[in-house]
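Enquirer: Sequence first, predicted model second:
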Amino acid sequence: MRILYLGYGEIGCRCLKSLISEGIEVTGASPRSSDDGSGAQSNSVYKLASENGINILSHEDACKKARPEPLTNLDYLISVQYDRILNENWLSIPKTDTLNLHFSFLPRLRGCYPTKWAIIEEQSTGVTLHSVDKGIDTGDILDQQEVAIASDETDASLYAKLNVTAVDLFNRNISSIVNKSFPKRRSQVDENSSYHPKEMPWDGVLDLQNKLDFCDRFLRAFTFPPYPPARCFLNDKEVGLHNPVHKEKKTGSTEPGNFHLSNNGLLAVECLDGILYFDILRVEGKQISPTKFLDGNLS
């Protein structure tokens, strides 16, 4: 059993550790280009592979006519949170299959940012181990586990849930990988599918002309500190907003985009049918209080 591993981040490291601990020969690893083993990155596939004597390969190595030895006589390619599309040069390498761990309940939410879209679209989600073909997340499903989305779920909390589920799903399929047999294997049904391309939903900009529930979901879908939150425009000023600390449905008329300081010191922002309340804002890359924002004090 010889495997080439493509991975990234905490989940990428944990699945690679599982393969190593099972004594499976990982002949090479291709981390994301942003993971070069430098700095204090805590979950580096590059570092983990290097420490275990695994050859490090670049994405372009698969395109060479004379492939390096780690790319020959392979049973599997396994991709975990890798960020590059695997073209025919890659898919032609393994003798058995190319596998990918995708953070959605396929065939729903194929493509990019599946955790964000799951929250925005109010869909249940999960993790799927699937075979890779020439499409985007369209290959046979090998195994999957559904995960419920809580009413206050953020991108960060959902990603953490899926990380745990993904490791469990991967580990329970290691024996199937070794035996080259997946009892649950089945084709995807395209009529039940959805797909999102490699663009951030609405470029991360919230239109306050939307209803309260959508605005709340949108903001939660972009709450993943330390990454920037969703943005909106208040008096033509670009403001970053994490998930609201409170929301209030209104039966009367509202003025989307209007804002004021509430009695308890929160910034109250009106949308189409309600009010969202925030205790902190991000302006010009800085975290500031509602009071400072309203006073024009951005220091």
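Expert: Perfect, I can see it now.
Enquirer: and stretch 81-99, what's its mean pLDDT?
Expert: On average, the pLDDT along stretch 81-99 is 92.
Enquirer: what's the span of that stretch from first residue to last?
Expert: Using Cα to Cα, to the nearest Å, the end-to-end distance of stretch 81-99 comes to 11 Å.
Enquirer: Can you list the buried residues in it?
Expert: Judged by neighbour count using 16 or more other Cβ atoms under 10 Å, the buried positions of stretch 81-99 are Gln81, Tyr82, Leu86, Trp90, Leu91, Ile93, Pro94, Asp97, Thr98, Leu99. Where you see a C-beta, it was placed from the backbone N, CA and C, and this is true even at glycine.
Enquirer: same deal with stretch 5-22?
Expert: Within stretch 5-22, the residues scored as buried using 16+ other Cβ under 10 Å are 5-16, 19-20.
Enquirer: Just the C-alphas of it, formatted as PDB.
Expert: What follows is the C-alpha trace of stretch 5-22 in PDB, where atoms were taken according to Å, rounded to 0.1, in the frame of the first residue of the first chain:
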ATOM      1  CA  TYR A   5      -0.900  12.600   0.500                       C
ATOM      2  CA  LEU A   6      -2.200  16.100  -0.200                       C
ATOM      3  CA  GLY A   7      -3.300  18.000   2.900                       C
ATOM      4  CA  TYR A   8      -3.600  21.100   5.000                       C
ATOM      5  CA  GLY A   9      -4.200  22.300   8.500                       C
ATOM      6  CA  GLU A  10      -5.300  20.500  11.600                       C
ATOM      7  CA  ILE A  11      -7.500  18.000   9.800                       C
ATOM      8  CA  GLY A  12      -4.800  17.400   7.200                       C
ATOM      9  CA  CYS A  13      -2.200  16.600  10.000                       C
ATOM     10  CA  ARG A  14      -4.500  14.400  12.000                       C
ATOM     11  CA  CYS A  15      -5.400  12.200   9.000                       C
ATOM     12  CA  LEU A  16      -1.800  12.000   8.000                       C
ATOM     13  CA  LYS A  17      -0.900  10.900  11.500                       C
ATOM     14  CA  SER A  18      -3.600   8.200  11.300                       C
ATOM     15  CA  LEU A  19      -2.000   6.800   8.100                       C
ATOM     16  CA  ILE A  20       1.400   6.800   9.700                       C
ATOM     17  CA  SER A  21       0.300   5.200  12.900                       C
ATOM     18  CA  GLU A  22      -1.300   2.400  10.900                       C
END
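Enquirer: pLDDT averaged over it, what's the number?
Expert: If you average the per-residue pLDDT over stretch 5-22, you get 96.
Enquirer: who touches it?
Expert: Contacts made with stretch 5-22 from outside it, assessed by Cβ atoms under 8 Å, 6 or more residues apart in numbering, are listed as 3, 26, 28-32, 35, 43-45, 48-49, 52, 54, 77-84, 86, 101, 163, 166-167, 170-171, 174, 178.
Enquirer: returning to that earlier point: among the buried residues of stretch 5-22, which ones are in strands?
Expert: With strands identified by DSSP state E, the entries of the buried residues of stretch 5-22 that belong to them are Tyr5, Leu6, Gly7.
Enquirer: now the strands for the stretch 51-200 of the chain?
Expert: When assigned using DSSP state E, counting those that start in this stretch, the strands of the stretch 51-200 of the chain occupy the ranges 55-56, 76-80, 97-102, 110-111, 125-131, 141-147, 195-196.
Enquirer: now the residue nearest to His246 when sequence neighbours are not counted, which residues is it bridged with?
Expert: When the adjacent residues along the chain are set aside, His246 lies closest to Tyr277, with 4.1 Å between them (Cβ to Cβ, 6 or more residues apart in numbering). Per DSSP bridges, residues listed as beta-bridge partners of Tyr277: His246, Ala268.
Enquirer: for the one 10 residues further on, same thing?
Expert: Beta-bridge pairing of Gln287, defined through DSSP bridges, involves Arg282.
Enquirer: Quick check: it touching Phe293?
Expert: No: with contact defined as Cβ atoms under 8 Å, Gln287 does not reach Phe293; the gap is 10.6 Å.
Enquirer: What ranges in the stretch 151-299 of the chain fall below the confidence cut-off?
Expert: Filtered on pLDDT under 70, the stretch 151-299 of the chain yields the residue ranges 297, 299.
Enquirer: For it, which segments count as helices?
Expert: Assignment of helices within the stretch 151-299 of the chain using DSSP state H, counting those that start in this stretch yields the ranges 155-172, 174-179, 212-221, 290-295.
Enquirer: For the longest one, which outside residues touch it?
Expert: Right, the one you point to is helix 155-172. Counting contacts by Cβ under 8 Å, 6+ apart, the residues outside helix 155-172 that touch it are 10-11, 14-15, 18, 80, 101, 103, 115-116, 118-119, 125-127, 129, 143-145, 147, 149-150, 220-225.
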